[in-house]
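A.B. asks: structural data only, the sequence is not supplied:
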């Protein structure tokens, strides 16, 4: 279901590409058409989701219902900094283009209680008793979220929608209140084996995730806790828990996600870890307590997965920012973007040549429908080159880098392949690459322009160089954001960057040290998802 | 025992402040007096240990014997890059000033087998049978180290010293060889309860630490393994295992250190974690598997503790560098320094106001004997100021920063106190500070001058702001190195930096955002340990 523009009259209307037949750009929180140039600012991501204006953080309540993907997100619809938190709303049929809707759940008053992160489910069988026969089963959405009260208590609440997720009515009483000021971000899903709902929710300052069960979404019983493991950071947030098949096998494992903030090891701010294990409907038991990071950049936080996706695919999206600087970055009238939607799978990864372990693989949503031009494709080995980008949109770069181990690297060589993405005048740039001698892949934004005292420069991760000495890198490069996928997505990094004075990524240069070559390169130009 | 200069004739002689009565500077690997200006290079640390020339990495074989502290270290005595690895050697009576000696254990041939990291013990009772009555019990030192053969097998070897640790004779056969190319860095200590030796050693590519026991240092039996937990990185290295009393209690816990490289989460290179638990002489059982980092900078790796320290103190020292760039940093004729020696203790730390946990406290060696002048000391609240440093040596800065929670911070304010250490002309600088709004302390070297694609800028960690809203920072600032101790050492960061063109740290500036003040500041000037 799509709302015609004429119904978008709420004061908290989210702006942008409204759901009209002619794809005209509408919006702003006043309900007026957007001015010319919206979504065309130099720093505005062109293929990544951003709110038309004001401050966004965590993606929320992700669910597929009535043939569309619902993306809700934490939003301060009033200011370009965090504060008046509510649930912004957008929908998509293809996970690339987003139709923007009014905020779906908003605070009762200007000073709260605020509507923090949570999730949404379809209560088709009316287990909650919140619906009657007038609502068709597929329209019966229930949002489960955290209310943050002025008394500084965080408790879990529900609201229900009878129109398939566009508007919600709050149930006034909390469904879980344990009188704790740091208790938030419920993720709820249907656990078919026991015909019950499961909630995983963060007891943030105790570094615990609590698992609850319920038959009706209203009455919840705690079944277990998981925590005090891996990266603690200052607080745990935004859990998720879901099953995944192991690639090439019928075996299923469960993945438990914990976001930590501040105090994630890389950069001291926001970061996400996950654990792999078994779940029996009550307790999550990890296969080990090794730290698995969701990404090796700075800008992937609070990522969670969609409920009810067809065909058993597990689709994930993250917030591409970091609390250490998100309120200060130089974008307006909006702040923050999301990652692309990724399909997740589980696969055996060579941590080293003596140790294999399960890890997530990230496969971004198919971008082929956005390709306007293949700027360059070659299978000839190359040691250095420079390629200009088309003037608009984003690019999708895929390269295979190989190292000839017969070449003796000098002691100070890193046997590196370095790719630089720079502005037209070369003043601002980001860089990524492989250092074969160190077994690492890195992204560095030290020269990207905007900086802040806690805007870290370097993300890197160790990789195992396979027997053929070949490493695959795929970089999706947007105006102020890069997603880097290594070895077909078994490593992933998300980094934002802010070129200065209207500059945008305009060219790539690559340089390979002795013995290193790029064997294959393909650069596709991508058109904006916001064209209208 | 000190060797007179006249005996320092080995081709692998380590240079610098030789052990002579008049403290004249001698050395260089030729045995000739050092030229004027050695240890006076602008980037040369003045109160931290460096070899006079060539490349150093891990501290090794740390032991107190015959009234001196022996510091051995991985050293390529021939080049300023890694390669010809042997055990460099220095001794100290005060853990500040170091007497330099010839390399203690060197390879048999120019192409190896190389002498990798390890440890040293005093075999007073000749359990090994390597000694006879001609060697006094306190002179009976045994070094246990890894030999890296040209066949790429790493095995554990012993060498024995009959002169108290200045020269060693190798036992040709390995004591442990499991035919693995990544098996190294044995730490051995006497376990009094069972009258036996314990070894902990890294099976690097399997992310395991193996614990062995022995009655004689020659025949070893595996008793347990610990691993696949916490930060794995690409490989585990340089373990340590030792007991520590909990402050204010008679309870003792054991600390197990793992260094990981590459792939440590912060920066993707070298980093060190530790676990706290119990050890029964055979198996280490952690109290939890939370990640505890040894430090929140980039330059603290392979740190281990001294054996046989009097009074039960546990003294630790780390390598202040990182494999991602250590072979490229712009210092010559040496590369790498060590941290100061720290006394470690265990203490209960508030991770948040809802979660306490045990953690290490770092207390650097007493620097008071190096103070030449208290440049400034004040208890008056200050919001900003600038203080010049004396022209030589290093400085020791201690400040208490407090935040008035009655001041409402603006949405974009970080409620920060920022301290900048800069060159005379302000061109190069490093910065550290507290962001009260984010619960973090950070160090940033983005503007320090020298950089490299994998030279990360930002180290930060979350802290709990105590009820009095006061945070204590102590920074020991050397010419190319900073050690930052937070809240009396319950957080610690080590960072190197390289100002350009002869610049040295010459001034500090501090700025506090609204509501933040420095209540106490003391800046001491420290004289060089290398004056001679």
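C.D. replies: Yes, it's here. Everything numeric in this text was worked out from a predicted model, so none of it was measured. Numbers count the residues shown, from 1 in each chain, chains lettered A, B, ... in the order given.

A.B. asks: next, residue A:330: secondary structure please.
C.D. replies: Put simply, residue A:330 is coil when judged by DSSP: H, G, I helix; E, B strand; the rest coil.

A.B. asks: so it touches residue A:496, yeah?
C.D. replies: No: under the criterion of Cβ atoms under 8 Å, residue A:330 lies out of contact with residue A:496, with a separation of 10.9 Å. To be clear about C-beta, it is placed using only N, CA and C from the backbone, and glycine gets the same treatment.

A.B. asks: who has more neighbours out of the two?
C.D. replies: Counted by other Cβ atoms under 10 Å in any protein chain shown, residue A:330 and residue A:496 do not tie: residue A:496 has more neighbours, with 29 against 13.

A.B. asks: what does the stretch 1-150 of chain A put close to chain B?
C.D. replies: A:79, A:81, A:82, A:83 (Cβ under 8 Å from any Cβ of the partner chain).

A.B. asks: between which two of these is the distance greatest?
C.D. replies: Across those, the two members that end up farthest from each other (Cβ to Cβ) are A:79 and A:82, 8.3 Å apart.

A.B. asks: which one (most neighbours) among the residues of the stretch 1-150 of chain A next to chain B?
C.D. replies: Neighbour counts for the residues of the stretch 1-150 of chain A next to chain B were taken using other Cβ under 10 Å; the highest belongs to residue A:82, with 19 neighbours.

A.B. asks: check contacts around that residue.
C.D. replies: Residue A:82 makes contacts with A:55, A:57, A:76, A:326, A:327, B:411, as judged by Cβ atoms under 8 Å, 6 or more residues apart in numbering or on different chains.

A.B. asks: now it, what's its secondary structure?
C.D. replies: Assignment for residue A:82 (three-state DSSP): coil.

A.B. asks: now do the one residue in the stretch 251-400 of chain A that gets nearest to chain B: how many residues are near it, please.
C.D. replies: Using Cβ to the nearest Cβ, the single residue of the stretch 251-400 of chain A nearest to chain B is residue A:268, 2.4 Å away. Residue A:268 is flanked by 31 other residues according to other Cβ under 10 Å.

A.B. asks: ok but it is inside a strand, no?
C.D. replies: No: counting by three-state DSSP, residue A:268 is located in no strand; its state is coil.

A.B. asks: just checking, residue A:252 touches residue A:246?
C.D. replies: Yes: with contact defined as Cβ under 8 Å, residue A:252 counts as touching residue A:246 (7.3 Å).

A.B. asks: between those two, point out the one with more neighbours.
C.D. replies: residue A:246 (15 against 12).

A.B. asks: shaky segments in chain A?
C.D. replies: Chain A contains residues with pLDDT under 70 at A:1-37, A:406-411, A:532.

A.B. asks: in the stretch 301-450 of chain A, which spans are helices?
C.D. replies: Under the criterion DSSP state H, counting those that start in this stretch, helices are not mapped anywhere in the stretch 301-450 of chain A.

A.B. asks: up against chain B, what does it have?
C.D. replies: The interface of the stretch 301-450 of chain A toward chain B, taken as Cβ under 8 Å from any Cβ, is made up of A:323-324, A:327-328, A:351-355, A:357, A:411-412, A:414, A:416, A:418, A:431, A:433, A:435, A:438-440, A:442, A:444, A:446.

A.B. asks: got a ChimeraX select line for the buried ones in the residues you listed?
C.D. replies: The following ChimeraX selection, which keeps only the buried ones among those, applies the criterion 16 or more other Cβ atoms under 10 Å in any protein chain shown:
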select /A:323,324,327,328,351,352,354,355,357,414,416,418,431,433,435,438,439,440,442,444,446
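
A.B. asks: does the closest residue to residue A:382 other than its chain neighbours count as helix, strand or coil?
C.D. replies: Counting by Cβ to Cβ, 6 or more residues apart in numbering or on different chains, residue A:382 lies nearest to residue A:518, which is 4.9 Å off, once chain neighbours are set aside. Residue A:518 carries the three-state label strand when classified by three-state DSSP.

A.B. asks: thought residue A:518 was touching residue A:417?
C.D. replies: Yes: the pair residue A:518 and residue A:417 passes the contact test of Cβ under 8 Å, sitting 6.6 Å apart.

A.B. asks: give me the most central residue, chain A.
C.D. replies: Centroid-nearest residue in chain A, with Cα atoms, centre = their mean: residue A:318, separated by 1.2 Å.

A.B. asks: can you name the residues that contact the residue nearest to that residue when sequence neighbours are not counted?
C.D. replies: Closest residue to residue A:318 apart from its sequence neighbours, by Cβ to Cβ, 6+ apart: residue A:303 at 2.9 Å. Counting by Cβ under 8 Å, 6+ apart, residue A:303 makes contact with A:59, A:238, A:240, A:257, A:259, A:272, A:294, A:316, A:317, A:318, A:319, A:339.

A.B. asks: ok, so of these, who is nearest residue A:279?
C.D. replies: residue A:240 (12.0 Å).

A.B. asks: distance-wise, check that closest one relative to residue A:117.
C.D. replies: Applying Cβ to Cβ, to the nearest Å, the value for residue A:240 to residue A:117 is 11 Å.

A.B. asks: what's the burial count for the closest residue to residue A:345 other than its chain neighbours?
C.D. replies: Beyond its immediate neighbours in the sequence, the residue positioned closest to residue A:345 (Cβ to Cβ, 6+ apart) is residue A:361, lying 4.8 Å away. For residue A:361, the tally of surrounding residues (other Cβ under 10 Å) stands at 20.

A.B. asks: is it true that residue A:361 touches residue A:342?
C.D. replies: No: in this structure residue A:361 lies outside contact range of residue A:342 using Cβ under 8 Å: 9.0 Å.

A.B. asks: for the nearest residue to residue A:432 once chain neighbours are set aside, give me its contacts.
C.D. replies: Take residue A:432 and drop its neighbours on the chain: the residue closest to it by Cβ to Cβ, 6+ apart is residue A:443, 4.4 Å away. Residues in contact with residue A:443, defined by Cβ under 8 Å, 6+ apart, are A:296, A:297, A:430, A:431, A:432, A:458, A:459, A:460, A:482, A:484, A:493, A:495.

A.B. asks: one more time with 7 Å, if that's ok
C.D. replies: Contact analysis of residue A:443 by Cβ atoms under 7 Å, 6 or more residues apart in numbering or on different chains lists A:297, A:430, A:432, A:459, A:482, A:484, A:493, A:495.

A.B. asks: same check, this time on residue A:153
C.D. replies: Taking Cβ under 7 Å, 6+ apart as the criterion, residue A:153 is in contact with A:177, A:179, A:181.

A.B. asks: run the last query once more with 6 Å
C.D. replies: Residue A:153 sits next to residue A:181 when contact means Cβ atoms under 6 Å, 6 or more residues apart in numbering or on different chains.

A.B. asks: domain-wise, how is chain A divided?
C.D. replies: Residue ranges of the domains in chain A are recorded as A:54-350, A:368-526, according to the TED database.

A.B. asks: what's the separation between residue A:111 and residue A:396?
C.D. replies: In this structure, residue A:111 lies at 45 Å from residue A:396, with Cβ to Cβ as the measure.

A.B. asks: who's more crowded, the two?
C.D. replies: Shown here are residue A:111 and residue A:396; by other Cβ under 10 Å, residue A:396 has more neighbours (22 against 10).
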